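A.B. asks: The amino acid sequence is not available; the structure is as follows:
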């Protein structure tokens, strides 16, 4: 494999003993105007599995129709990020022991965060309660909310972290990007409300976890890193093992 | 190896179990003003074979004089592209069974297309007929025409595809670049004449092949992909095996 | 491993059979505002050893405090470059047989040259004489001079190459950068004084070596490459073996 692989995915394949062929948008063929379909068709001739990350929602599923080898979606813009969702659920099980019965709170820009879109969908296979905390206008997209509702999972929106924290078992933080806001003032206001600090966690359960797909910017203070509930670096390492397992499964060696 | 390797070459080496060290023009040493000769001298100390792609015609042969390890030319600007020519001939043999006796038509910007320069030279080892179809001013360079003529191979130039298609056994398409034309109007006129479509191929032999070094832009319509004569994706895969064979041969393991 | 590895370091790890995960400042996580500490924390979960090159002096030692795996400093801006110093000393031993008793002359922009900072410190473990030749204002930094003096090593500054050359056993050249000078005129004047040519070397010992961390620009003329005293390309190859040895040692396999 692979087309535009994130380095964190390449590590998984390399640790399995695989060999990685990397193509990114700055490669000569793409710059010369080659379509995604052609690039994937060529790479499939060279590889046992193609891993594709693409900025455009839907691009990966479109490419899959031209790929005669297994194709793994490593994220398509604000669309989906299914491998991240798998490692998130794996991390919850590692940290808490189960997913069933938990209250999971997703925080940040839920509108553009592909990881929370995929995670919310995947969690419908479990008996969970979902809580969404986001700035105005950056809430979970309707199509995700409808999908989750259709599976009979309870969802609730909240404007601030404080009110949901005491009930939360998994606090899933995501980045908020400056460019999503009409003014610096509104951005600053939103940011201030969604920062996890050691002080804030005094209001949280003693047995809960703080997760983040990383990279974080300001939304989790570095003072939290030494709190045993700070699971995000362990989560990143879980990502390695889950991606290894996924590749081994797809390649028929698991 | 290697200096500025195209990803499609790296795949070959990796599948042979090789390890690739990549240097490109954005690497710190090159940015600091290191000459090609010095870069190659250093890399030769690290590698068993150096694969070099360079934008400047003649650069690879110049670098070879400073390289104490085997050096493979992976293309030097509008100069030569010998590994592509090897895979092209291999593909013709795979697809048609022989190269001798065939009529091979090269189409597009033959002036700047290094792949057709090397292919025309390599085909002089066979008993073939060459036909060139290109926009005005973008014909095969004189030095290639003279070389081919010197080998006693018949060559013929044509302005349009239609008239040569019925006799063609191998239709070798290449890209035409907008910046080669004085005006958009002339570009559009040229382009319209050199697009292979399923309809056009109704005038072609039933046993013939359409090849392209890829990436294609508009010159082969995607509707053609399902035609059995569309050989370009198989040609790309042949490229992998030919490059593996070439590396194994150079490294003394074949 | 690794975070921002120079290609010349990757070669070492690959030849040891290692697998390299590369992160550079253009990777999405760093662009999204991830701190060095977070990047290193994540990469340490994926790797057995982290190799870090960073533009900021002190950054590597700061990152080491967040890295639960061995971390190798591959250069931090104008700070230190300890692996280069190791290979430099190894090269001197390979070329001359010993380091003790030698007169070592460092030439060029000693103020900003991290390789000479680390080399001067490392040479204090030997019985050597150090000579510094640099343009005005680009001399060896005080903190290095003081460190070396504290170890009882003799140091001397000179304005021109000619006067020190006859006594020199190791001539260690480094690059001078145009942007360090207030005017083109002063740059040209400085440059002219520090160019090693075959003619200049007629004044040097017959048994001595010219070294350079590479890339060179103008400060060693290419005519010198065939002189047996020109050790810089052999030095680059030594770098490969020293880095392999260092990695093997850190990984507990040597």
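C.D. replies: Done, it's in. Remember, it's a predicted structure, so these values are computed and weren't measured experimentally. Numbering: from 1, shown residues only, chains lettered A, B, ... in the order given.
A.B. asks: can you count the residues close to the residue lying closest to residue A:195 once chain neighbours are set aside?
C.D. replies: Counting by Cβ to Cβ, 6 or more residues apart in numbering or on different chains, residue A:219 is the residue found nearest to residue A:195 once chain neighbours are left out, at 5.7 Å. Any C-beta I mention is one placed from the backbone N, CA and C, and that applies to glycine too. A count of nearby residues for residue A:219, using other Cβ atoms under 10 Å in any protein chain shown, gives 17.
A.B. asks: so who does the closest residue to residue A:250 other than its chain neighbours touch?
C.D. replies: Computed as Cβ to Cβ, 6+ apart, the closest residue to residue A:250 that is not its neighbour in sequence is residue A:70, at 4.7 Å. By Cβ atoms under 8 Å, 6 or more residues apart in numbering or on different chains, the contact set of residue A:70 is A:48-50, A:250-251.
A.B. asks: and residue A:105, what helix or strand is that in?
C.D. replies: For residue A:105, the element it lies in under DSSP states H and E is strand A:103-107.
A.B. asks: Now do that strand, average pLDDT.
C.D. replies: In this model, strand A:103-107 carries a mean pLDDT of 98.
A.B. asks: Show me the contact partners of the helix or strand that that strand is followed by.
C.D. replies: Next in sequence after strand A:103-107, counting helices and strands by DSSP H and E, comes helix A:114-123. Helix A:114-123 has contacts (Cβ under 8 Å, 6+ apart) with A:75-82, A:84-86, A:88-89, A:99, A:104, A:106, A:108, A:110, A:130, A:140-141, A:144, A:147-148, A:153, A:172, A:174, A:213.
A.B. asks: So what angle separates the directions of helix A:114-123 and strand A:103-107?
C.D. replies: Angle of helix A:114-123 versus strand A:103-107, following axes from the mean of the first three to the mean of the last three Cα atoms, to 10 degrees, is 160 degrees.
A.B. asks: mind listing what the helix or strand just after helix A:114-123 pairs with, with the direction of each?
C.D. replies: Helices and strands here follow DSSP H and E; after helix A:114-123, the next one along the chain is strand A:129-133. With DSSP bridges as the test, strand A:129-133 is paired with strand A:103-107 (parallel), strand A:154-158 (parallel).
A.B. asks: With mean neighbour count added, can I get those strands in TSV?
C.D. replies: Listed next are the strands paired with strand A:129-133 as TSV, based on neighbours: other Cβ atoms under 10 Å in any protein chain shown:
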stretch	mean neighbour count
strand A:103-107	24
strand A:154-158	14
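A.B. asks: how about these in TSV, adding distance to residue A:183?
C.D. replies: TSV is the format used below for those (distance: least, Cβ to Cβ, whole Å):
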stretch	distance to residue A:183
strand A:103-107	22
strand A:154-158	23
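A.B. asks: Tell me how far residue A:69 lies from residue A:127.
C.D. replies: 36 Å (Cβ to Cβ, to the nearest Å).
A.B. asks: same deal with residue A:84?
C.D. replies: From residue A:84 across to residue A:127, the span is 22 Å (Cβ to Cβ).
A.B. asks: before we move on, what about residue A:56?
C.D. replies: Where residue A:127 is concerned, residue A:56 sits at a distance of 34 Å (Cβ to Cβ).
A.B. asks: Name the residue most distant from the centre of chain A?
C.D. replies: Distance from the C-alpha centroid of chain A, by Cα atoms, centre = their mean, peaks at residue A:32 (31.5 Å).
A.B. asks: need the contact list for it.
C.D. replies: For residue A:32, the contact set (Cβ under 8 Å, 6+ apart) comprises B:175, B:215, B:217.
A.B. asks: Using ChimeraX, make a named selection holding only the buried ones among those.
C.D. replies: Applying 16 or more other Cβ atoms under 10 Å in any protein chain shown to these, the buried members can be selected in ChimeraX as follows:
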select /B:175,215
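A.B. asks: Which of the contacts of residue A:32 fall in strands?
C.D. replies: Among the contacts of residue A:32, no member is found in strands (DSSP state E).
A.B. asks: do you know how far the most centrally placed residue in chain A is from chain C?
C.D. replies: By Cα atoms, centre = their mean, the mean C-alpha position of chain A lies nearest to residue A:115, the distance being 2.7 Å. As judged by Cβ to the nearest Cβ, to the nearest Å, residue A:115 and chain C stand 13 Å apart.
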